[in-house]
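Colleague: Sharing a model that was predicted from the sequence below.
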Amino acid sequence: METTTKKITYQEFRQMEFDEDDRFFYELLNGELVKKSAPSALHQRISGRLFSKIRAWIDEKGLGELFYAPIDVFLDDYNAPQPDLVFIKKTRLGIVHLDNGIVGIPDLVVEILSPTSIKRDRFEKMEIYQRFNPPEYWIVDPANGSIEVYTLKNDKLEIASFAAQEGAVQSPALGGLEIEVEKIFE
């Protein structure tokens with residue numbers, strides 16, 4: 001006997017009511033509701049440092065807008081992830097809906113690994129993002145002090161820049177911004 005689980009849509013997800021005492025965040029991945037705990041202090045520290053550096057560069061160059069979690073990124077009826085950081089170019093700010101989140105693929109998606117999210121961020125989310133062709137996807141790994149920058153080439157996300165412990169990564173989506181990894185993980 002085969003058992004199937006009904007996938008839920010983004011619309012069904014948005015209509016769900018959660019208990020006021022529920023301290024979790026939820027994202028929709030491949031039609032499944034994924035429950036996430038609040039990020040650790042280390043995760044927040046790294047996210048804050050990345051946000052500050054990227055935001056300063058974006059503002060200086062007038063490139064667009066940077067958002068941080070939690071924010072829904074609506075990709076299709078069954079996928080609404082909540083990346084840690086999301087960049088949208090100025091010319092594409094129309095995909096930002098102030099009452100709903102981001103409807104469409106961002107120009108840059110950043111996921112910071114947590115012990116409970118390694119498999120999901122490295123494999124499941126990367127596969128989902130790759131299906132929708134974002135120009136750039138970063139995996140930030142606090143355990144290894146590394147940042148991996150993937151860019152889209154022939155409809156596939158491929159490593160374009162990597163640094164661990166020391167050195168810098170470069171972001172084509174952000175006009176060549178360089179981030180020194182030791183400044184993020186110190």
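Modeller: Looks like it arrived, so ask away.
Colleague: Report the next helix or strand after the helix or strand where S161 lies in sequence order.
Modeller: Using DSSP states H and E, S161 sits within strand 156-164. Moving toward the C-terminus from strand 156-164, the first helix or strand encountered (DSSP H and E) is strand 168-171.
Colleague: Now do the phi/psi pair for the residue nearest the centre of the chain.
Modeller: The chain has P83 as the residue nearest its centroid, 2.7 Å off, counting by C-alpha atoms, centre = their mean. The phi/psi pair for P83 (degrees, to the nearest 10) reads phi -70, psi 160.
Colleague: ok, and the closest non-adjacent residue to it?
Modeller: Distances taken as C-beta to C-beta, 6 or more residues apart in numbering put V109 closest to P83, at 4.7 Å, once the chain neighbours are dropped. Every C-beta, even on glycine, is put in place using the N, C-alpha and C of the backbone.
Colleague: what sits against that neighbour?
Modeller: By C-beta atoms under 8 Å, 6 or more residues apart in numbering, the contact set of V109 is V73, P83, L85, V86, Y129, P134, E136, Y137, W138.
Colleague: what ranges do the strands span in the chain?
Modeller: Counting by DSSP state E, the chain has these strands, from start to end: 25-29, 32-36, 64-68, 73-74, 85-89, 96-97, 101-103, 108-112, 136-141, 146-153, 156-164, 168-171, 177-180.
Colleague: I'd like those laid out as CSV, including distance to R45 and mean pLDDT.
Modeller: Listed next are the strands of the chain as CSV, based on distance: least, C-beta to C-beta, whole Å; pLDDT from 0 to 100:
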stretch, distance to R45, mean pLDDT
strand 25-29, 18, 87
strand 32-36, 18, 86
strand 64-68, 13, 96
strand 73-74, 23, 94
strand 85-89, 14, 97
strand 96-97, 26, 95
strand 101-103, 24, 94
strand 108-112, 10, 97
strand 136-141, 12, 97
strand 146-153, 15, 95
strand 156-164, 18, 95
strand 168-171, 18, 97
strand 177-180, 15, 96
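Colleague: From L50, how far out is the residue lying closest to A38 once chain neighbours are set aside?
Modeller: For A38, ignoring the flanking residues on the chain, the nearest one in space by C-beta to C-beta, 6+ apart is R23 at 6.7 Å. With distances taken as C-beta to C-beta, to the nearest Å, R23 is found 24 Å from L50.
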